[in-house]
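Undergrad: Structural data only, the sequence is not supplied:
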């Protein structure tokens with residue numbers, strides 16, 4: 001079972017890898033998560049030994065997420081993903097997109113809700129912000 005720190009590191013690795021499509025240096029993860037490079041390095045060695053990440057040697061090396069990393073976080077790798085934007089007021093929030101939307105109790109108008117998984121830095125959304133998600137690519141669903 002992964003610790004919360006390991007899950008956070010894997011999430012950051014996947015986000016950076018999906019954005020850049022190159023091996024990600026531990027320093028990039030360290031900067032994103034505001035953690036010490038030593039902590040990231042130690043955790044990456046463990047994650048590598050457990051099969052969650054692959055190491056890429058050389059000057060352009062770093063780490064890439066293994067399929068097991070996506071599976072551990074419940075993320076399905078997509079060859080050409082479509083971005084589902086998130087807006088605050090009428091402005092698109094840069095660097096974050098909706099990754100997964102699950103509707104719960106749809107037939108009940110008093111209990112219907114959506115659970116949205118977000119890819120990117122969720123610190124860009126503050127408590128109490130009114131956001132709009134969508135439209136989704138196929139059915140053009142918008143959630144407010």
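TA: It's in. These numbers were taken from a predicted model, which means no experiment stands behind them.

Undergrad: May I ask which helix or strand of the chain has the lowest mean pLDDT?
TA: In the chain, the helix or strand scored least confidently by mean pLDDT, DSSP states H and E is strand 113-120, which has a mean of 85.

Undergrad: now for that strand, which elements pack on it?
TA: Under the contact criterion of 3 or more Cβ pairs under 8 Å, 6 or more residues apart in numbering; DSSP states H and E, strand 113-120 touches helix 4-20, strand 91-104. Glycine gets a C-beta too; all of them are placed from N, C-alpha and C.

Undergrad: Please list the residues outside the last one that contact it.
TA: It stands for strand 91-104. The contact list for strand 91-104, computed with Cβ atoms under 8 Å, 6 or more residues apart in numbering, reads 75, 83-87, 111-122, 124-125, 131, 133-134, 136, 141, 143.

Undergrad: Likewise for the longest one?
TA: Counting by Cβ under 8 Å, 6+ apart, the neighbours of helix 4-20 from elsewhere in the structure are 2, 24, 28-29, 32-33, 39-40, 43-44, 46-47, 52-53, 63-65, 69-70, 72-73, 75, 81, 119-120.

Undergrad: related to what we said a few turns ago, partners of the least confident helix or strand of the chain in the sheet?
TA: With DSSP bridges as the test, strand 113-120 is paired with strand 91-104 (antiparallel).
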